[in-house]
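**Q** The following block contains a protein sequence and its predicted model.
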Amino acid sequence: MANEEKSLNFIEHIIEDDLKSGYSDEQLRFRFPPEPNGYLHIGHASSICLNFGLGERYKAPVNLRFDDTNPEKEEKEFVDAIKRDIEWLGFTWDQECYASDYFQQLYDWAIGLIKAGKAYVDSQSSEEMANQKGTPTEPGTDSPFRDRSVEENVSLFERMKNGEFEEGVHVLRAKIDMASPNMLMRDPILYRVLNKAHHRTNTDWCIYPMYDWAHGQGDYIEQVSHSLCTLEFLPHRELYDWCLDQLVSSKKLRPKQREFARRNLSHTVVSKRKLLQLVNDGVVAGWDDPRMPTISGLRRRGYTPESIRNFADTIGIAKRENLVDVSLLEFHAREHLNKIAPRVMAVLNPLKVVITNYPEGEEEWLDAENNPEDETAGSRKVPFSRTLYIEREDFREQANRKFFRLKLGGEVRLKNGYIIKAESCTKDTDGNIIEVQCTYDPKSKSGSGTEESLRKVKGTLHWVSVAHAIEAEVRIYDRLFTDENPDGHKDRDFMEFVNRDSLRIVTGFLEPSLREAKVGERFQFQRLGYFNVDNDSKPGNLVFNRTVTLRDTWAKIQQKN
RNA sequence: UGGCCUAUGGUGUAAUUGGCAACACUACUGGUUUUGGUCCAGUCAUUCUAGGUUCGAGUCCUAGUAGGCCAACCA
């Protein structure tokens, strides 16, 4: 009952209006229509969440329809990847459809169109047709083939279908209006000859329908009520409706196309063409490289489906240009990971600490809470000994009061362990600090309840015992582009803004409980960030990816100085 | 020079359809904290401009301005 009335986006307003003016709940049906020519990215995730979200909200089926009308670019590999990504996001489609399933029906409808005198076979080159097309400010001129007889058109189109012509010799065009202010209505091409094998229909067809002669029909066949697409298809709507006019029956539901603005993410690109270029140029290791804004890249980076769905929900959907800041995506990653990721200790830039008053050869196993945000997460044991690693940035010989970490003569709490005091340090011949000597207070053990253990010390450091630590490869990722809008510059190519330091690989020293970590498992390395186990991991040879850092107030303070 | 779309804080979306501009993020303050994390509290807007209608305009009208899309046998 306490369902707070969430405000509706403009698509939901349209649906609510339709429901008021006669649509029944059962008539609602949606679809997500990817072209299988690349991997899904974060922009698609928004569209997926919109369509499947609508399906959940209105308890309506959502089809997955592959828009596979162009055999030149489409492959089964992409079909499989797309299905995997949608499932991973947690959505279930009703029917799995393919535009290619409708090739015969589309062909029959095209024959009907020709017989109705509304389509003709044009036998000019693409250059000639382009010249006749006019410009946005000038009308086009009619093709010399525009008035071929129905018989000749039918015969030619059948011969196109039978493979009697080379590519480019003939096309089928709709006969609409060469003077339309909408360029798409100037006798658009409906079919072209393509002597290519299709990933599903193989060589059954030599002619393939264009997008405009397939999409609305697919919606109609599947009885999709609301066909949602991005803004660049807005001019296509007039043609979408024209095509539907030629074949709809009043007994069946007529789909409607509505358009929303695609989501752009800062510091990256969301264009399949540009992502493909990053892959082909070797800037990244593949479509699922953790730096890629693809769904598979985000998954490998350690993002959770929940965080991506929450992100999509909060940025919403509208009709204006936008550039969503990545910090919002990162917020959602942290928000979810904070709740579910077990805390562990790992040192990525080690500095040796020797506790001079801790007995040599001794070790003890300390209690460590797995997740302060989750009482059911339990606890584990971490080994403590005389020789430890701490983070190099956590020690300074001298520092002001703002520096809460270890400095000579100063005290600090070792997380889950003891309070230590830095007494001295040793350096190599270049002046680099190579070891810090400390003393510890044996009565200050965490959780022991003693007066000493309850002492307030400003800083708490993470650490690992050198003798017990396991080594692992840790991949530190940063933004792929240095510019917030890399493809938003008219005179500069987006590739100029590639961040050359987007990947740094280090050897980390991890607490031994991580030895059995499995691929895909996510952790918080305390005080450092969230990390997950990469697919490249081998038994005894773990690889971690940094998903995102923790919020870092200290880094901000330092930046200001 | 044509047609169409869009304009609300640094960012992204809202605004009961003409009635006190709200939510989230970011940034900045402060508090709590055995993670400089989390959590809690607070601060940040002449709704693109100029007119008009109205008791009242982010919302309606007019004129500008800015940005985007449209001339692939791509989707």
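**A** Structure's in. What do you need?
**Q** need the helices for chain A, in chain order.
**A** Taking DSSP state H as the criterion, chain A contains helices spanning A:10-20, A:42-57, A:76-89, A:103-115, A:126-132, A:150-161, A:215-222, A:236-245, A:272-280, A:295-301, A:305-315, A:326-340, A:553-560.
**Q** As a markdown table, the ones you listed with mean pLDDT would be great.
**A** What follows is these, written out as a markdown table (pLDDT from 0 to 100):
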| stretch | mean pLDDT |
| --- | --- |
| helix A:10-20 | 94 |
| helix A:42-57 | 97 |
| helix A:76-89 | 97 |
| helix A:103-115 | 98 |
| helix A:126-132 | 96 |
| helix A:150-161 | 98 |
| helix A:215-222 | 98 |
| helix A:236-245 | 97 |
| helix A:272-280 | 95 |
| helix A:295-301 | 98 |
| helix A:305-315 | 97 |
| helix A:326-340 | 98 |
| helix A:553-560 | 88 |
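**Q** A:F395 bridge partners, please.
**A** Legend: beta-bridge partners of A:F395 under DSSP bridges are A:L406.
**Q** Just the closest residue of chain A to RNA strand B, please.
**A** A:S446 (2.5 Å; Cβ to the nearest atom of the strand). (C-beta placed from N, C-alpha, C; glycine too.)
**Q** Nearest approach to A:L408 belongs to which of the helices of chain A?
**A** Closest to A:L408 of the helices of chain A, according to Cβ to Cβ: helix A:553-560, at 19.6 Å.
**Q** neighbouring contacts of stretch A:536-554?
**A** Stretch A:536-554 is contacted by residues A:290, A:300-303, A:330, A:333-334, A:337, A:470, A:472-477, A:508, A:510, A:514, A:517, A:519, A:522, A:524, A:527-534 when judged by Cβ atoms under 8 Å, 6 or more residues apart in numbering.
**Q** my guess is A:F66 meets A:P34, correct?
**A** Yes - if you go by Cβ atoms under 8 Å, A:F66 and A:P34 touch, sitting 6.4 Å apart.
**Q** Between the two, which contacts overlap?
**A** The contact sets of A:F66 and A:P34 overlap at A:I82 (Cβ under 8 Å, 6+ apart).
**Q** Not counting its neighbours along the chain, what's nearest A:R527?
**A** Leaving aside its sequence neighbours, A:R527 sits nearest to A:H462 (Cβ to Cβ, 6 or more residues apart in numbering; 5.2 Å).
**Q** and what of A:Y107?
**A** Once flanking residues are discounted, A:Y107 sits nearest to A:K161: 6.8 Å by Cβ to Cβ, 6+ apart.
**Q** And for A:I86?
**A** Take A:I86 and drop its neighbours on the chain: the residue closest to it by Cβ to Cβ, 6+ apart is A:I48, 6.1 Å away.
**Q** Any figure for the gap between that neighbour and A:I308?
**A** Distance, A:I48 to A:I308, using Cβ to Cβ, to the nearest Å: 9 Å.
**Q** residues in contact with the residue lying closest to A:F103 once chain neighbours are set aside?
**A** Leaving aside its sequence neighbours, A:F103 sits nearest to A:W205 (Cβ to Cβ, 6+ apart; 5.8 Å). Shown in contact with A:W205 (Cβ under 8 Å, 6+ apart): A:103, A:161, A:198.
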